[in-house]
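[1] Sequence unavailable; structure follows:
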């Protein structure tokens, strides 16, 4: 069992930056691939970024040149650096963990993930 807790969200203006954190419980964090998804009001949850067990990242096209995902296995934490934020980045950001050994495009799918956090809200004003 893995328990995930996100933090770092907030209300910011367009062009600002935020760093989201996701702290994971358990002693096997390094064996999990981690993902970030977001959900805006009235919309489906969408993939944002993921990082494999070997720290290979995947990004949605809409964020690839602005967001950076990273992990610190010693701290059982995955980060999402959000730069040059836009109003369309507004949403609740959830992190997720999966024990599957592969990376790549399958990390973009919600059904790949076994564990989910409650999320942290990011609101970007124009």
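    Sure, I can see it. Predicted model, so just to flag it, every value in this text is computed and none were measured.

[2] In the protein, mark out all the strands, start to finish.
    4-7, 10-13, 18-24, 33-39, 46-51, 57-59, 67-72, 77-82, 91-98, 115-116, 120-125 (DSSP state E).

[3] Spatially central residue in this structure, please.
    Computing the C-alpha centroid of the chain and ranking residues by Cα atoms, centre = their mean puts residue 36 first, at 2.1 Å.

[4] what residues are up against that one?
    20, 22, 48, 49, 50, 69, 78, 80, 93, 94, 95, 96 (Cβ atoms under 8 Å, 6 or more residues apart in numbering). To be clear about C-beta, it is placed using only N, CA and C from the backbone, and glycine gets the same treatment.

[5] Could you export those residues as a markdown table, including distance to residue 107, pLDDT and neighbour count?
    What follows is the contacts of residue 36, written out as a markdown table (distance: Cβ to Cβ, whole Å; pLDDT from 0 to 100; neighbours: other Cβ atoms under 10 Å):
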| residue | distance to residue 107 | pLDDT | neighbour count |
| --- | --- | --- | --- |
| 20 | 17 | 98 | 25 |
| 22 | 15 | 98 | 26 |
| 48 | 11 | 98 | 25 |
| 49 | 9 | 98 | 27 |
| 50 | 4 | 98 | 29 |
| 69 | 10 | 98 | 22 |
| 78 | 12 | 98 | 29 |
| 80 | 14 | 98 | 27 |
| 93 | 16 | 98 | 25 |
| 94 | 14 | 98 | 23 |
| 95 | 12 | 98 | 31 |
| 96 | 9 | 98 | 25 |
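
[6] Closest to residue 115 out of those residues?
    Among the contacts of residue 36, residue 96 lies closest to residue 115 (Cβ to Cβ), at 6.4 Å.

[7] residue contacts, the closest one?
    Residues touching residue 96, when contacts are defined by Cβ under 8 Å, 6+ apart, comprise 4, 34, 35, 36, 37, 110, 113, 114, 115, 116, 117.

[8] In those, find the pair that's most separated.
    36 and 114 (15.3 Å).

[9] just to revisit the earlier point, give the PyMOL command for selecting the buried subset of the contacts of residue 96.
    Here is the PyMOL selection string for the buried members of these, based on 16 or more other Cβ atoms under 10 Å:
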select buried, resi 4+34+35+36+37+113+115+116+117
